[in-house]
Structure formats: structure tokens, C-alpha cells
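Enquirer: coordinates for the following, if possible.
(2 chains)
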Amino acid sequence: MSQTLAIARRELSGLFYSPIGYIVLALYLLFVGLLFALMVFQPGQLADPGPMFQWNHLILIFLVPFMTMSLFSEEYRSGRMEALRTGPVTELQIVLGKFLGAMAFYSALIASSFVFVIILSLFGRPDYMPVLTSYFGLLLMGAMMVAIGLFFSACTEHQILAAMSSCVTLVTLGILCQGVASLLSIYIRRSWAWAGWIQHLLNYLAIEPQMANFARGVIDTEHVVYFLSGTFLFLFLTYVVIESRKWR
Amino acid sequence: MPHPAEIIVDRLTKTYGKFLAVDNISFTVESGSIVGFLGPNGAGKTTTIRMLTCYLPPTGGQAKVAGFDVFHQSLQVRQNIGYLPESTPLYPEMRVQEYLSYRGRLRGMDHRRLRERIPQVLEMCWLSDRTRWLVGKLSKGYRQRLGIADALLHNPPVLVLDEPTVGLDPAQIRETRKLIANLAGQHTVLLSTHILSEVELICQRVIIIGRGKILAQGTPAELKRQSAGRGGAEAGLLVEVRGPAGQVRSALDGLPGVEQARIVSDGPVCVLQVVGKLDGSLQEQIAATILQRGWALRELRAAGGTLEEFFVQITDPGAVAA
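Expert: So this is what the prediction gives:
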């Protein structure tokens, strides 16, 4: 356990040492600020920060890959993986340590958006319970995103390749799934059963509907299960990739 | 030897696809000794070391480090080994002290032990004046020392150092050598290098590996003697004398223990090669004879028989003639 935390701590400080961490933080605040200004902070509107959280993933799918790209890639490239692997730590500890370190940074990232809730509360009286569930949802979604980023970082020693592959995956989940599903509903005849199935599947995989519920203050086990199983799946795949590398 | 073997390698083999990197090698390293692991580039040194440090699983055979099997008890092996990889990978954005404390925590050392141990290894590796420096700002020599400090941090019984003096200046090489020599006794050291003078100075035993196989092992002195033997007519003593070559030759030929004396170069100062039973007394006799006759002895040294010659001979049999 202490080894896992040592790795997590190093990854967290590594993100704060590098310019990437600050760029991600700055861009996040900038775009959340835009969401807030355009969709929430409008005259005559309810003091509801919901839209800001509902669409938060559109920013994060482009930022999380840059946060996670170096987690393993840089270790491979610099040869530090050898120093890490020859220490008395298991592959599981390495994977979990890196995941927790990135999650700690991610938590700080989403926590920074609380400043907009504070601004809102100066002008109105927002309902805080949906804010709480929104953060809970963002944390769950972030766990899956970080796990996906971690997996692609473990696959290659080129950071850019890792960032691009995780970005493509996240864009697929965050935008494409829903887009294709709505296209299907327009162009495909209702009578085709398989089209309905695919549409259902795509809608289930899409991130936005899940986040919409969290933003509304609903914690649906279906969404919790979705994000948690995604997280476990990609953490497991990362573990498999790390474990298999030594046999090559 | 009263000491138990700390590293036992038994028919270890590693293949990368069809390429045989390490071919069925066996050797042991006694507790508390420094063993030099030599070989030309691509001989399989690093692969062997990576198997011993549990970075690569062996394809065949087995190895035990500090009494634990590298494959089945890899975690215990890694706890008992301090390893300096060839490339000395470090985190450039961390500070020296911070880096060591991270590496210590990774090995499960608690805060108290770290506070006691970090200043010790910093002192041992002459790093005390760089505690607050960023690793990325350190010169190559300091980075290498930090790598060694890292390997020593948890006071492991076994140390594996892969080319620890690469990239250091002569003064640093000497210091590092001194440091490693000081480690003998409490630590078992497997030192991979291709600097032969280093091996002669600090290693009790030498293992030479080439094309994945062990070509020779023994003490540096033994290997040097073997080299003299292999060289045949080339070995012996070289005597440089100011005097008439012919007379010197017949004078030396008459000495007991001399099989043959041969003129290598003629002139006012001649060089002769003496082949015979090489014990200390032969040199003394030759020197005494030359001085008795009133000639001037300029140099008397063993021809051939350096570790370097042996290394070249054994790793590439085609190069003996040269």
C-alpha cells in the first residue's frame, strides 16, 4: 500500500512539476468559464449550474489525454521503467499508483470549477445537492477517462500517440456514440430490430446522457455501474499490457 | 571458501525470438566479493543482469539471488538487490533528496529509516553538497553517483552495477572505483564493465562472457597467466639492455631456468625476449647477471599476459595474431 501511495505521490507531483499540468488546468478553467458564462450565468435564468456539469465532459475528453499521456510512455522512453520494475513493487501497485496519482490531479482539476458555483451563489441561491451529485458523477467519469488514458499510455512509448489514441476513444464515447445513435433514429426504419439494438447500445455507451442525470441530481446505479465497469476494464487491460511487456 | 554463494546462476538461457542472447550460462558469486562481469558489446551482459534483477524472465534455467529464486520469488529478490541500470534513469524534475526519498518509499522504507539512511548514502557517494539540486541539473558524474546512492539506499546484500563508470572523468572513475572497493565485505557486487583496468584493481573474480556464453572465469591473476600460456612464444620476459646483443643473449641463455633467449631488436640498446619458468627468481637472476657483466639494464617486464590481451584473445579468437 505504501508503495502504491509513493508512486501516486510522485505522479501527482510530476504533473505539478511539468508545464502540462498547468496548461491543462488553465484550459479547463477557461472552457468551463465559457460554459458557465454562456449557459448558466445569463440574466433571467434560474441559478442552476446543471448545464455546466452536463457538458463538462466535452472539455475533459480533450484534456484528460494530455494529463495521462506521459504516465507510462515517458517511463518506457527514459528507461525508468527498468528502475521501477526492478524495485520491490508489483505490476498492480504500479498501475494503481499511477492511476491514483492521476486521479488526485483530476480531482484538483474538477474542484477548481467550484469557483463558478461560488460566483453563482453570490447572485442567486443554487440548489447544492445537484452540485454534489454532479461532482460525484464527474469523479466517476474521470476515473474511466483516466483509466482509458492510462491504458493507451501503457501501450506505446510515444506520448503523442498515447494522447491521440485516448482522445479518439474518448471522443467516440463522448460525442460520436450519441451522434450515430441519433442519425440511426432518423434514417433507419423502426421495423429493423438490430438498428434499435445498436441505437440502444450506443446510447448506453455515450457519456452525455449519464452526466445529464448526475447534473439533475439523480444518482442512477446504471450510470455508476457504467463508469465503474469502464474504469475496471481499462485498469485491467493496463495491467495486462504492463505484465505482458516483460515477456516480449 | 567459507562464504555462501550470494548469486547462483544455473544454466540460465534467454532467447529473443530466434536470437539466442544468453546461452546456458552458470556461475556463482560468493558473499561479500566483487565480481567483474566482462564482455564485448552485445555479449549478453545486460540481458543476464536483467534476468538477475527480475526485469526479464529467463527462457530456461534458473538463478538465485540472496537465496531467492528470480522467477518464483521475484519480489524478495528485488527487495535484496540494489541495481544501477546501464542508462541510469532518473527523474530530472526532482531534487536529489526528494528522489532518494521516493525510491526509499518505493522499497517500503519508513520515514525514520529514510531520515537516517539518506544522509549516509549521500555522504558515501560524495553527494552531500548536491542535496537540494534538481536531478536534471546534475552533471553526468553526479547522476551516476546518485544512481549508485539509489542502489545502496536500502542497504541491500547484493549490488548489481551495470557499467557504473561510463561517462565519468578519470578522477571520478577513481573515486567510484574506491567507493565500490569499499563496499566489498558487507555487499556482494556484480560489476559489469568493459574497462579492464577497473576489473584488475577491484575485482576478486572475473567472468568473461561472449556471444551469450561464459568464455572464462577466475581471478584476474589466473586469467593473466592463462593469457601468457595462450600467447606461446610471444610470452615471457622482455629485457632491454645497453650492451652487445649477441653476448647478452648467450649470457642469458646460460642461466638455469631459461629455455630460450631471442633477440628482438639489435643496436646499441638491444631488446631480448626470454622464455622460461616465470617465477620471481628468474627476473632477479637476469638482472644480477646483466649488472655483473657491466651492461646497463633499462627495462625488465613480462611480455604479454595482460588482462586486456586475454580479453581480446578470448572474445575473438581470430585476433590472436594481431
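
Enquirer: where does the closest residue to A:R85 other than its chain neighbours land in three-state SS?
Expert: With CB to CB, 6 or more residues apart in numbering or on different chains as the measure, B:Y55 is the residue that lies nearest to A:R85, at 5.6 Å, once sequence neighbours are left out. All C-beta spots, glycine's among them, are computed from the backbone N, C-alpha and C. In the three-state summary, B:Y55 is assigned as coil, counting by DSSP: H, G, I helix; E, B strand; the rest coil.

Enquirer: count of neighbours near B:Y55?
Expert: Around B:Y55 sit 22 other residues, with neighbours defined as other CB atoms under 10 Å in any protein chain shown.

Enquirer: ok, it touching A:L84?
Expert: No - with the criterion set as CB atoms under 8 Å, B:Y55 and A:L84 do not qualify as a contacting pair; they are 9.9 Å apart.

Enquirer: ok, the residue lying closest to A:L173 once chain neighbours are set aside - contacts?
Expert: Sequence neighbours aside, A:I207 is the residue nearest to A:L173 in space, at 5.4 Å (criterion: CB to CB, 6+ apart). A:I207 sits next to A:57, A:61, A:141, A:173-174, A:177 when contact means CB atoms under 8 Å, 6 or more residues apart in numbering or on different chains.

Enquirer: who wins for most neighbours among the residues you listed?
Expert: The most neighbours of any of the contacts of A:I207, using other CB under 10 Å, belong to A:M141, which has 28 neighbours.

Enquirer: which stretch of helix or strand covers that residue?
Expert: Remark: A:M141 resides in helix A:128-155, with elements defined by DSSP states H and E.

Enquirer: next secondary structure after that helix?
Expert: Following the chain from helix A:128-155 toward its C-terminal end, the next helix or strand by DSSP H and E is helix A:159-171.

Enquirer: any residue of that following helix touching chain B?
Expert: No - contact between helix A:159-171 and chain B, assessed by CB under 8 Å from any CB of the partner chain, is absent, since the two come no nearer than 15.2 Å.

Enquirer: and the contacts of that helix?
Expert: By CB under 8 Å, 6+ apart, the list of residues contacting helix A:159-171 from outside reads A:60-62, A:64-66, A:68-70, A:72-74, A:77, A:145, A:148-149, A:151-153, A:155-156.

Enquirer: let's see it at 7 Å
Expert: For helix A:159-171, the external contacting residues (CB atoms under 7 Å, 6 or more residues apart in numbering or on different chains) are A:61-62, A:64-66, A:68-70, A:73-74, A:145, A:148-149, A:152-153, A:155-156.

Enquirer: got the angle between whichever helix or strand comes after it and helix A:159-171?
Expert: Per DSSP H and E, helix A:159-171 leads on to helix A:177-187 as the next helix or strand towards the C-terminus. Regarding helix A:177-187 and helix A:159-171, their directions subtend 40 degrees when assessed with axes from the mean of the first three to the mean of the last three CA atoms, to 10 degrees.

Enquirer: chain A contacts on chain B?
Expert: Within chain B, the positions lying close to chain A (CB under 7 Å from any CB of the partner chain) are B:53-57, B:75, B:78-79, B:83, B:85, B:87, B:89, B:93, B:102, B:105-108.

Enquirer: can I have the buried ones of those as a ChimeraX selection?
Expert: Isolation of the buried members of the residues of chain B next to chain A (16 or more other CB atoms under 10 Å in any protein chain shown) is achieved in ChimeraX through the command below:
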select /B:53,54,55,56,78,79,83,85,89,102,105,106,107,108
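
Enquirer: so which of the residues of chain B next to chain A are in strands?
Expert: With strands identified by DSSP state E, the entries of the residues of chain B next to chain A that belong to them are B:Y83.

Enquirer: wasn't B:F27 part of a strand?
Expert: Yes - assessed with three-state DSSP, B:F27 lies in a strand.

Enquirer: roughly how far apart are it and B:A216?
Expert: Applying CB to CB, to the nearest Å, one obtains 11 Å for the distance of B:F27 from B:A216.

Enquirer: rewinding a little: and the residue nearest to A:L173, backbone torsions?
Expert: As for A:I207, its main-chain torsions (degrees, to the nearest 10) stand at phi -80, psi -40.

Enquirer: state the distance from it to chain B.
Expert: Separation of A:I207 from chain B (CB to the nearest CB, to the nearest Å): 33 Å.

Enquirer: give me the domain ranges for chain B.
Expert: As assigned by automatic domain parsing, chain B contains the domains B:5-218, B:236-303.

Enquirer: Throw the ones you listed into JSON lines and include mean pLDDT, thanks.
Expert: Listed next are these as JSON lines, based on pLDDT from 0 to 100:
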{"stretch": "domain B:5-218", "mean pLDDT": "88"}
{"stretch": "domain B:236-303", "mean pLDDT": "81"}
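
Enquirer: tell me the most buried of those?
Expert: Looking across the domains of chain B with neighbours counted as mean count of other CB atoms under 10 Å in any protein chain shown, the highest average goes to domain B:5-218: a mean of 19.

Enquirer: show me the strands in chain B, by range?
Expert: So, for chain B - with DSSP E - the strands run B:5-16, B:19-30, B:34-38, B:60-65, B:68-69, B:81-84, B:158-162, B:188-193, B:205-210, B:213-218, B:236-242, B:258-265, B:269-276, B:296-303.

Enquirer: adding distance to A:V24, write those strands out as JSON lines.
Expert: As requested, these are exported to JSON lines (distance: least, CB to CB, whole Å):
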{"stretch": "strand B:5-16", "distance to A:V24": "39"}
{"stretch": "strand B:19-30", "distance to A:V24": "42"}
{"stretch": "strand B:34-38", "distance to A:V24": "45"}
{"stretch": "strand B:60-65", "distance to A:V24": "42"}
{"stretch": "strand B:68-69", "distance to A:V24": "43"}
{"stretch": "strand B:81-84", "distance to A:V24": "34"}
{"stretch": "strand B:158-162", "distance to A:V24": "36"}
{"stretch": "strand B:188-193", "distance to A:V24": "41"}
{"stretch": "strand B:205-210", "distance to A:V24": "48"}
{"stretch": "strand B:213-218", "distance to A:V24": "52"}
{"stretch": "strand B:236-242", "distance to A:V24": "70"}
{"stretch": "strand B:258-265", "distance to A:V24": "74"}
{"stretch": "strand B:269-276", "distance to A:V24": "74"}
{"stretch": "strand B:296-303", "distance to A:V24": "67"}
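
Enquirer: so which of these gets nearest A:F41?
Expert: Between A:F41 and those, the tightest spacing by CB to CB is seen for strand B:81-84, at 56.4 Å.

Enquirer: give the other helices and strands that that closest one contacts.
Expert: For strand B:81-84, the helices and strands in contact under the criterion 3 or more CB pairs under 7 Å, 6 or more residues apart in numbering or on different chains; DSSP states H and E are helix B:140-152, strand B:158-162.

Enquirer: what residues does that strand touch?
Expert: Residues lying outside strand B:81-84 but in contact with it, judged by CB under 7 Å, 6+ apart, are A:86, B:53, B:65, B:147-148, B:151-152, B:154, B:156, B:158-162, B:164.

Enquirer: what's around A:L233, how many residues?
Expert: Using other CB under 10 Å, A:L233 is surrounded by 14 other residues.

Enquirer: from chain B, how far off is it?
Expert: Distance from A:L233 to chain B, counting by CB to the nearest CB: 26 Å.

Enquirer: which outside residues touch stretch B:158-169?
Expert: B:6-7, B:46, B:49, B:52-53, B:65-66, B:80-86, B:140-141, B:144, B:148, B:151, B:173, B:176, B:180, B:183, B:187-193, B:195, B:198.
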